[in-house]
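Colleague: Structural data only, the sequence is not supplied:
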């Protein structure tokens, strides 16, 4: 049994749990507890031999793991689907076999079809009739595919994951077996962008951090990251792995705007805070974004608490 999901489960909000309730969204399936078998397309006239089965447990951040047994390795794909809402909406998948590669991360784009995000490996190296353990690790917009405990692919998605449906993915006109599918979920992450000085340190410590913790978000600033490394790379990674950023932009700090720009490039939700004492002005190119305007006093902190809670609940509501 892989240690990847078990290691994560030690810090996960719910621990590693098997998926035992399923809905066959596409194709013909049979289910038995945490095991599933894709049998065939829905009909011989189906436009694509697609199989999707969604489990009952919502998933956003953490690890999904399953064991796959292929009946062949040509014209066959099998793996894990996540970010699912409906067949005609955007979703993501990690698969064995795809686009003539052994390993692939892909996405379904409405009106376009299935497109690769990353791929690697020779298709002929995939074993047939043997157990292949596969895991997908998702943190915000970072995705890593792990096969038999070996990381084989990783990517930063160009947009946030939208849905919380997760399960199994198959593309074949023959059978594929899946066993012991498990999920370990962790809290969604919020990254805070602000100057490291008063009164912003107090705002972070006494207002932002408690509100985020109350709503079960993991939250941090770059000054809370320990260990060696390049600060800019740490910042980029934290933004990539977060579900949203909170940015205090009152002082028009260049570092803050650089980090906010990177978050916007990833289409990541950004909650902007603006202190009225600093003029309450927003630069023209972000003036169209919603912001929380506040005063630096007890009443102003209450305003931030109330509005920040509403914004974070909206982010949570995306699930």
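Modeller: Okay, I see it. Predicted, not measured: the structure shown is a model, and the values here were computed from it.

Colleague: Next, the buried residues of stretch 143-155.
Modeller: Within stretch 143-155, the residues scored as buried using 16 or more other Cβ atoms under 10 Å are 143-147, 152-153, 155. Backbone N, C-alpha and C define where each C-beta goes, glycine included.

Colleague: Contacts only, for the residue most central in space within the chain.
Modeller: Nearest to the mean C-alpha position of the chain, by Cα atoms, centre = their mean, lies residue 140 at 3.9 Å. Contacts here follow Cβ atoms under 8 Å, 6 or more residues apart in numbering; on that basis residue 140 touches 61, 160-161, 188-189, 240-243, 268.

Colleague: so which of those residues comes closest to residue 70?
Modeller: residue 161 (26.7 Å; Cβ to Cβ).

Colleague: distance of the nearest residue to the closest one once chain neighbours are set aside from residue 39?
Modeller: Excluding the flanking residues, the one nearest residue 161 by Cβ to Cβ, 6 or more residues apart in numbering is residue 83, at 4.1 Å. Going from residue 83 to residue 39 by Cβ to Cβ, to the nearest Å gives 25 Å.

Colleague: And the two? Which one has more around it.
Modeller: Each of residue 83 and residue 39 has its neighbours counted (other Cβ atoms under 10 Å); residue 83 has more, 24 against 15.

Colleague: check contacts around that one.
Modeller: 90-92, 161-166.

Colleague: Select only the buried ones of those in ChimeraX?
Modeller: For the buried members of those, the matching ChimeraX selection, counting by 16+ other Cβ under 10 Å, is:
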select :90,91,92,161,163,164,165,166
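
Colleague: Please name the residues that touch the closest residue to the residue nearest to the centre of the chain other than its chain neighbours.
Modeller: Distances taken as Cβ to Cβ, 6+ apart put residue 241 closest to residue 140, at 4.1 Å, once the chain neighbours are dropped. Residue 241 makes contacts with 139-142, 189, 191, as judged by Cβ under 8 Å, 6+ apart.

Colleague: For residue 241, give me phi and psi.
Modeller: Phi and psi for residue 241, reported as degrees, to the nearest 10, are phi -90, psi 0.

Colleague: okay, it: pLDDT?
Modeller: At residue 241, the model reports a pLDDT of 95.

Colleague: Residue ranges in the stretch 1-150 of the chain under the pLDDT threshold?
Modeller: 1-15, 44, 46 (pLDDT under 70).

Colleague: give me that answer again for 80
Modeller: 1-15, 43-47, 73 (pLDDT under 80).

Colleague: returning to that earlier point: quick one: which of the contacts of residue 241 is nearest residue 114?
Modeller: The closest of the contacts of residue 241 to residue 114 turns out to be residue 141 (Cβ to Cβ; 19.4 Å).

Colleague: what's the burial count for that closest one?
Modeller: As a burial measure, residue 141 scores 20 neighbours (other Cβ under 10 Å).

Colleague: Excluding chain neighbours, what is closest to it?
Modeller: Residue 141 sits nearest to residue 157 (Cβ to Cβ, 6+ apart), 4.2 Å away.

Colleague: I'd assumed residue 106 was in contact with the one you found.
Modeller: No. The criterion here is Cβ atoms under 8 Å, and residue 157 misses it with residue 106 at 11.3 Å.

Colleague: What segments of the stretch 51-200 of the chain are strands?
Modeller: 62-70, 77-84, 91-98, 101-109, 113-122, 131-139, 142-147, 150-156, 165-171, 176-185, 189-193 (DSSP state E, counting those that start in this stretch).

Colleague: What about the residue lying closest to residue 78 once chain neighbours are set aside, how many residues nearby?
Modeller: Leaving aside its sequence neighbours, residue 78 sits nearest to residue 176 (Cβ to Cβ, 6+ apart; 4.6 Å). Neighbourhood size, residue 176 [other Cβ under 10 Å]: 27.

Colleague: got it, and residue 84?
Modeller: Residue 84, neighbours per other Cβ under 10 Å, totals 24.

Colleague: Please apply the same query to residue 167.
Modeller: Neighbour number of residue 167 under other Cβ under 10 Å is 27.

Colleague: Can you name the residues that contact it?
Modeller: By Cβ under 8 Å, 6+ apart, the neighbours of residue 167 are 19, 22, 25, 52-55, 80-81, 84, 181.

Colleague: partner residues bridging it?
Modeller: On the basis of DSSP bridges, residue 167 is bridged to residue 54, residue 81.

Colleague: Tell me the spacing between it and residue 296.
Modeller: 48 Å.

Colleague: do residue 129 as well
Modeller: 67 Å.

Colleague: re the thing from before, shared neighbours of residue 157 and residue 106, anything?
Modeller: With Cβ under 8 Å, 6+ apart as the test, residue 157 and residue 106 both reach 92, 117.
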